[in-house]
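A.B. asks: 3D model of this:
(2 chains)
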Amino acid sequence: MRLASLLLLSLSAAGCALDPVLFKTREERRNLDCYRLAQADAAARFPGQVPPQPARQIAGENTDVLTCSTRYLRVDERPARDEAILSTLSAQVAGLAETAAALVAPGARWHVDAFYPSLPVAQKIAVAARTSLAERGLEVSDRVPTLTAGDVAVLATLPQSEVYRVACARSFSTSVMGPDDVFLGLMIVDPRETALHAGLCQRGAWRWLP
Amino acid sequence: MASQLHDGRLVRVVGWAAIAIAMSGCVTVYQPLVGLQRPIAVDPQTPDTFAATRVLVRCHPAEGVEPDVLCRNLRSSLSKQGATVTTEVVRPAARAAAATPSDAPPQYIIDVTSKRLHQSEDALLALLCVFSFTLVPAVTEYTFGQDVSIRDAQGFVLAQQSYQERLVESFGLGVWALNGLIDLLIRPKSEQVTGDGYKAEFTRDLHGHLAQLLYNAKVRARVMNNFAPEPVAEKASGASP
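C.D. replies: Model (predicted):
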């Protein structure tokens, strides 16, 4: 009887101490967003859930806390490529916008568009890029330079290596874009890639961002 | 007489403990933490994704991970997708790196550093595990990280990414027997936790993401060269003129 009570007590203590991930399915584990943070920060951010730092840890012993939350959208809810792009969108777009902003002299008016097979995703990419440029204090226009239907029909026949260069030259020569306008295009060029590329069009010259 | 009885009981207890430990097993649960749960757009099973692509995989040693094994596994995975792979285990102290021979210089250089970032064991659970004859599990948690960067032959960084995963290992007769029973009767094969399924799942994730990263790097190189066709592999034979 005494042994059984002890065992029950041990098991219940163990149950409290066991990692919650042990009780989750594979899908549930993959749909958690987790990151580590110092126990002091965790206690400040999640009071009541994370106890404050004990004195011996304040004195120097380093501990951290793994914080997890369930994703709003499951990993498999969107097409794989869209999910891969959108889940890294802010980091990718911030990097490209930073490079683009460094290559253009201040005072330019920025226009942004994204070329992606799915229109809603393309719009998200473009909005993210506009926001990122605006956050850097740049003048960003909502207007997207648009070529005529005839120009677009010709562009559609060109190989990928030429299409952006020709479109850029054409938009400058037809005054769709002025000398103070800069166009930042973000795109994927291969159906199986998950990284965005970007190019700049300024005064009729197109260049890919490194 | 009392002492003999006492000794007999002690031997019996130690015997039971030994049997319990011998019969115990591990249940390991894998949880992708950073990057690895993200879906990929390439199919790592396609045999010609990296046809005519020469890759050098350089594995850097770090705490808690065997770079030789990592390099060997990555070589096997990329070779199955059509790449010509050479490997190199970078040892800072060694005179020369152990590189496998290659016919032509690599087009892409993949640097992989895999390391253990965190390890923790619950002392209370370990104690309870011993005193309960492993009915209460001892739990150890590991977090590993992989930093991957891909450069072209000139050293230009084409892609880089960091991944992290967590392994929670429970040791004990109770947890092993219970999960073994659930695996046998209820859980589908993909959900089973008593075997090496966690290794297969992690390998699938890491190799898939590495393939995706290499594919992205290839496309980026093509864009930076303004879509010029890739140069045909030159045979770098040992007999130079």
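A.B. asks: Confirm B:Leu181 sits in a helix?
C.D. replies: Yes - according to DSSP: H, G, I helix; E, B strand; the rest coil, B:Leu181 belongs to a helix.
A.B. asks: per-residue confidence at it?
C.D. replies: If you check B:Leu181, the pLDDT there is 83.
A.B. asks: again with A:Leu155
C.D. replies: Confidence score, pLDDT, at A:Leu155: 91.
A.B. asks: tell me the contacts of it?
C.D. replies: A:Leu147, A:Val163, A:Val166, A:Ala167, A:Arg170 (C-beta atoms under 8 Å, 6 or more residues apart in numbering or on different chains). (C-beta placed from N, C-alpha, C; glycine too.)
A.B. asks: what separates the second one from chain B, distance-wise?
C.D. replies: When distance is defined by C-beta to the nearest C-beta, to the nearest Å, A:Val163 is 10 Å away from chain B.
A.B. asks: ok, now which ones touch that residue?
C.D. replies: Contacts of A:Val163 by C-beta under 8 Å, 6+ apart are A:Leu155.
A.B. asks: residues of the helix or strand hosting it that come out buried?
C.D. replies: A:Val163 belongs to helix A:160-173 when elements are defined using DSSP states H and E. Residues of helix A:160-173 classed as buried by neighbour count (16 or more other C-beta atoms under 10 Å in any protein chain shown): A:Val163, A:Tyr164, A:Arg165, A:Ala167, A:Cys168, A:Arg170, A:Ser171, A:Phe172.
A.B. asks: Same list (these) but as TSV, adding pLDDT.
C.D. replies: Supplementary listing: those in TSV, determined by pLDDT from 0 to 100:
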residue	pLDDT
A:Val163	92
A:Tyr164	93
A:Arg165	93
A:Ala167	94
A:Cys168	95
A:Arg170	94
A:Ser171	93
A:Phe172	93
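A.B. asks: which one of these is nearest B:Leu135?
C.D. replies: B:Leu135 lies nearest to A:Tyr164 out of the buried residues of helix A:160-173, by C-beta to C-beta, at 66.5 Å.
A.B. asks: Sort out which one of the buried residues of helix A:160-173 lies nearest chain B for me.
C.D. replies: Checking those against chain B by C-beta to the nearest C-beta gives A:Arg165 as the nearest, at 8.4 Å.
A.B. asks: How about the contacts made by the closest one?
C.D. replies: Contacts of A:Arg165 (C-beta under 8 Å, 6+ apart): A:Trp206.
A.B. asks: swap in the one 4 residues further on?
C.D. replies: Counting by C-beta under 8 Å, 6+ apart, A:Ala169 touches A:Gly204, A:Ala205, A:Trp206.
A.B. asks: And B:Thr46, by the same measure?
C.D. replies: B:Gln81.
A.B. asks: quick one, phi psi at it?
C.D. replies: Here is the backbone geometry of B:Thr46 (degrees, to the nearest 10): phi -70, psi 130.
A.B. asks: Next: the one 5 residues further on.
C.D. replies: Backbone torsions for B:Ala51, taken as degrees, to the nearest 10, come to phi -60, psi 140.
A.B. asks: Which pLDDT value belongs to the nearest residue to it once chain neighbours are set aside?
C.D. replies: Leaving aside its chain neighbours, B:Ala51 sits nearest to B:Gly82 (3.9 Å; criterion: C-beta to C-beta, 6 or more residues apart in numbering or on different chains). If you check B:Gly82, the pLDDT there is 93.
A.B. asks: Can you list phi and psi of A:Arg26 for me?
C.D. replies: According to degrees, to the nearest 10, A:Arg26 has phi -60, psi -40.
A.B. asks: Distance of it relative to B:Gly208?
C.D. replies: A:Arg26 is 15 Å from B:Gly208, where distance means C-beta to C-beta, to the nearest Å.
A.B. asks: B:Phe227 - how many residues pack around it?
C.D. replies: 15 (other C-beta atoms under 10 Å in any protein chain shown).
A.B. asks: my read: it touches A:Pro159, true?
C.D. replies: Yes - if you go by C-beta atoms under 8 Å, B:Phe227 and A:Pro159 touch, sitting 7.2 Å apart.
A.B. asks: Now list whatever residues contact both of the two.
C.D. replies: What both B:Phe227 and A:Pro159 touch, as defined by C-beta under 8 Å, 6+ apart, is an empty set.
A.B. asks: okay, now the domains of chain A?
C.D. replies: A:18-70, A:80-208 (automatic domain parsing).
A.B. asks: Spatially, what comes nearest to the residue nearest the centre of chain A if we skip its sequence neighbours?
C.D. replies: Residue closest to the mean C-alpha point of chain A, counted by C-alpha atoms, centre = their mean, is A:Leu89 at 1.9 Å. Leaving out its chain neighbours, the residue that sits closest to A:Leu89 by C-beta to C-beta, 6+ apart is A:Ala128, at 5.4 Å.
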